[in-house]
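> heads up, no residue letters with this:
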Ligand SMILES: [Zn+2]
């Protein structure tokens, strides 16, 4: 990667972190630079940890986990749970749903307006519906 684009990426990451109310520490800037460099995508903590190692960024898996959760709390990422033991972090925080390919563990975006939910039950008293997450599981035929 060219030095100039690396510097621009670092500045963009710092700006993004500050706008979300997060202090741009060296590790946060480095991980944000990796996360947001290729447009929208879905990652696990393990896959980001591997990318960081490849890029020569020395962070522990625990730090990657903590940072991803901080980014999610700050609204920079959205968590997508596929099952109790597997969840992804999504750089697209706009309303949308997902296909989950069971063969290779890939998440594929479904535009927000492509699914209409009808017959939604009234939420329990004192609550309101925050959002609806739909994961449609697919497999190769
Ligand atoms: Zn997505």
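Right, received. Where do you want to start? These numbers come from a predicted model, not from an experiment.
> and the protein, which residues reach the ion?
Residues of the chain lying close to the ion by Cβ under 5 Å from the ion are 90, 92, 109. The C-beta positions use only the backbone N, C-alpha and C, and glycine is treated the same way.
> Secondary structure for those - can I get that in a markdown table?
Formatted as a markdown table, those follow (DSSP: H, G, I helix; E, B strand; the rest coil):
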| residue | secondary structure |
| --- | --- |
| 90 | strand |
| 92 | coil |
| 109 | strand |
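> just the buried members of those?
Neighbour counting by 16 or more other Cβ atoms under 10 Å classes 90, 92, 109 among the residues of the chain next to the ion as buried.
> What about residue 6, how many residues nearby?
Residue 6 has 13 neighbouring residues, counting by other Cβ atoms under 10 Å.
> For the ion, see how far away it is.
The gap separating residue 6 from the ion is 26 Å, by Cβ to the ion, to the nearest Å.
> And that residue, what's its pLDDT?
On pLDDT, residue 6 comes in at 73.
> now it, nearest residue through space, not along the chain?
residue 33 (7.9 Å; Cβ to Cβ, 6 or more residues apart in numbering).
> Enumerate every residue touching that neighbour.
Applying Cβ atoms under 8 Å, 6 or more residues apart in numbering, we find residue 33 in contact with 6, 9-10, 12-13.
> Assumed it was part of a helix.
Yes: assigned with three-state DSSP, residue 33 falls within a helix.
> Sketch out the low-pLDDT regions of the chain for me.
Applying pLDDT under 70 to the chain flags residues 1-5.
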